[in-house]
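Colleague: got a sequence here, can you model it:
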Amino acid sequence: MAAFKGGAWSLPEPKRGGGSMTPGKKLQGLVAATVTPMTPDGQINLSVIRQYVDYLVSEQNVKNVFVNGTTGEGLSLNIQERKQLAEEWVCQGKDKLDHVIIHVGALSLPESQELARHAAAIGASAIAVIAPFFFKPTNKGELIAFLQKVASEAPAVPFYYYHIPPLTGVTIRVEELLDGIKEWIPTFQGVKFSDTDLLDLAQCINKNEREQFVFLYGVDEYIQLFGPKNQSDVASLCKARPCVSTEVSVSHWGISQLCHQTRFWCCTD
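Modeller: The predicted structure follows:
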């Protein structure tokens, strides 16, 4: 386990071997970064999640979702609300959705660990974690130590790092982070990459072809770099993120016409 010493997270010995899990269906197609429906008095509205799922699957051919992330305002919700949303998405998505990725990041490490355990218990397809952004990690070792602490609470669940420096202020390059990360987090699958540093992203892709990591690209404005113009707009019903490249994705508000471009194919965020 990682330890907090002298105001920083320190790494434990890396895990050697083990960490294997039954491979699931490959993450590809579109992933909707879901909004959190609310009632007029500010309560989460679980009753519409079933309709939301059916809309994504039937109307938009979207079978993957990213729940409690930035679009879903997960960090503005309390722990119980986040658990209820995660449970409802997993429940309503059963036999309809291919992947339900639950963001479990929080400023409080124990809360993030609790959410990770909960996601594993309800059968989430994967979990994702944002970097802590009040007392920020200042180097790769500190960041991996925090992520490992959370990932270890769900040892059979695929794990994604949610990289969004415009909001967290954590600018540790993903290319650096990925070196040897499987030794510390055997369940590591990839990154939700919400930054405009495309050089960092490209270097990640080129360096990690053998690892087959998935990179979910999450900057809406950059969809024009990879997909056709005039995407249909789904507005507040769904924020979707088409994935590009052998293992990369791009996000945007519309989700209907993402097509093959150069060597990129549709995936998610």
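Colleague: what about residue 127, helix or strand, and which?
Modeller: strand 126-130 (DSSP states H and E).
Colleague: ok, now residue 216?
Modeller: strand 214-217.
Colleague: list the helices and strands that strand packs on?
Modeller: strand 188-193, helix 198-207, strand 239-243, strand 267-268 (3 or more Cβ pairs under 8 Å, 6 or more residues apart in numbering; DSSP states H and E). All C-beta atoms are positioned from the backbone trio N, CA, C, and that covers glycine.
Colleague: change it to 7 Å
Modeller: strand 188-193, helix 198-207 (3 or more Cβ pairs under 7 Å, 6 or more residues apart in numbering; DSSP states H and E).
Colleague: tell me which of the ones you listed lies nearest to residue 148.
Modeller: Proximity of the helices and strands packed on strand 214-217 to residue 148 was assessed by Cβ to Cβ; the nearest stretch is strand 188-193, lying at 9.3 Å.
Colleague: what lines up beside that closest one in the sheet?
Modeller: strand 159-163 (parallel), strand 214-217 (parallel) (DSSP bridges).
Colleague: the last one: how far from the chain's middle?
Modeller: Offset of strand 214-217 from its chain centre (Cα atoms, centre = their mean, to the nearest Å): 9 Å.
Colleague: thinking again about what came up before, beyond the strand holding residue 127, next helix or strand please.
Modeller: Immediately after strand 126-130, counting by DSSP H and E, sits helix 140-151.
Colleague: who does residue 193 form a beta bridge with?
Modeller: residue 163, residue 217.
Colleague: pretty sure it contacts residue 214?
Modeller: No - using Cβ atoms under 7 Å, residue 193 makes no contact with residue 214, being 10.0 Å away.
Colleague: and the two? Which one has more around it.
Modeller: residue 193 (29 against 26; other Cβ atoms under 10 Å).
Colleague: what ranges in this structure fall below the confidence cut-off?
Modeller: Counting by pLDDT under 70, the ranges of the chain that qualify are 1-24, 210-211, 220-269.
Colleague: quick one: the helices in it?
Modeller: Along the chain, the stretches classed as helices by DSSP state H are 49-54, 60, 79-93, 109-122, 140-151, 165-168, 174-178, 181-184, 198-207, 223-226.
Colleague: buried ones in the fourth one?
Modeller: Judged by neighbour count using 16 or more other Cβ atoms under 10 Å, the buried positions of helix 109-122 are 111, 112, 113, 114, 115, 116, 117, 118, 119, 120, 122.
Colleague: counting contacts, what elements does that helix pack onto?
Modeller: Short answer (3+ Cβ pairs under 7 Å, 6+ apart): helix 109-122 packs on helix 79-93, strand 126-130, helix 140-151.
Colleague: count the neighbours of residue 47 for me.
Modeller: 10.
Colleague: that one and residue 171, how far apart?
Modeller: Between residue 47 and residue 171 the distance is 40 Å, computed by Cβ to Cβ, to the nearest Å.
Colleague: same check, this time on residue 98
Modeller: 33 Å.
Colleague: among those two, which residue is more densely surrounded?
Modeller: In this view residue 98 and residue 171 are compared by other Cβ under 10 Å, and residue 98 has more residues nearby, 19 against 14.
Colleague: could you find the closest non-adjacent residue to residue 107?
Modeller: Computed as Cβ to Cβ, 6 or more residues apart in numbering, the closest residue to residue 107 that is not its neighbour in sequence is residue 134, at 5.5 Å.
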